[in-house]
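Asker: What shape does this take:
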Amino acid sequence: MHQAVISLGSNIDKEENLPEAVALLVKSGEVTAVSSVYETIPVGLSEQPTFLNAAVILHTDQTPAQLKRGILSDIERRLKRVRQTDKNAPRTIDLDITWYDDSVHNYIGPDGQPRHIPDPDLLHFAHIAVPLAELLPEGTVHPETGEPIQVLADRLLETTSVNEPRGLWSRPDIDLKPLLTFNLPD
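Answerer: Numbers count the residues shown, from 1 in each chain. Okay, here's the model as predicted:
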């Protein structure tokens, strides 16, 4: 089995779509952990609602390409994800493979575009790095940079820019952890 970390983001009906996406992931495979939920300022296209972001650990026998084309794309379709020309446009849900077995992978996504794991955005955005750092064991390092994931997350939390806000804040009122009980046998 492979260990994948899936990053989730939503800013359309986000209080419903983010938990629904986690519930669908739990029903689709072995989800063993879920991060806290964070609210974040939009990147790029700033005139839109804030996002809710989280991450889950999913154990799978699928390759990254199979996982993205199958389970993740199916959940995005079920939650009525509409892809826009602007990759920063509002969305009901966005599911990306951020991490896969502590190693480097390249694959072609369902849109025909090349994808890279670890997700390159991990190095630039706190809304991806912070939930990932929460889930991975202490001392885990980025397989390409050698930087500890927690150090990376802390650095991104401290970094702010007028053009690309990276701030995020915790949303303890939204707890996704009870959704993991769907995985428990009756």
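
Asker: Just the buried residues of the biggest helix by length in the chain, please?
Answerer: Using DSSP state H, we find that the single longest helix of the chain is helix 14-28. Using 16 or more other CB atoms under 10 Å as the test for burial, helix 14-28 gives 14, 17-26, 28. Where you see a C-beta, it was placed from the backbone N, CA and C, and this is true even at glycine.

Asker: Packing partners of it?
Answerer: strand 2-10, strand 30-34, strand 51-60, helix 73-78 (3 or more CB pairs under 8 Å, 6 or more residues apart in numbering; DSSP states H and E).

Asker: With respect to residue 128, which of these lies nearest?
Answerer: strand 2-10 (5.3 Å; CB to CB).

Asker: what residues does the closest one touch?
Answerer: 17-18, 21-22, 25, 40, 51-62, 64, 67, 72, 91-102, 119, 127-128, 131-132, 135-136 (CB atoms under 8 Å, 6 or more residues apart in numbering).

Asker: would you put the C-alpha positions of it in PDB?
Answerer: Provided in PDB are the C-alpha atoms of strand 2-10 (Å, rounded to 0.1, in the frame of the first residue of the first chain):
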ATOM      1  CA  HIS A   2       1.100   3.500  -0.800                       C
ATOM      2  CA  GLN A   3       0.600   6.500   1.500                       C
ATOM      3  CA  ALA A   4      -0.800   9.600  -0.300                       C
ATOM      4  CA  VAL A   5      -1.600  12.900   1.300                       C
ATOM      5  CA  ILE A   6      -4.500  14.600  -0.400                       C
ATOM      6  CA  SER A   7      -4.900  18.400  -0.100                       C
ATOM      7  CA  LEU A   8      -8.500  19.600  -0.200                       C
ATOM      8  CA  GLY A   9      -9.800  23.100  -0.900                       C
ATOM      9  CA  SER A  10     -13.200  24.700  -1.300                       C
END
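
Asker: Alright, that wraps it up for me.
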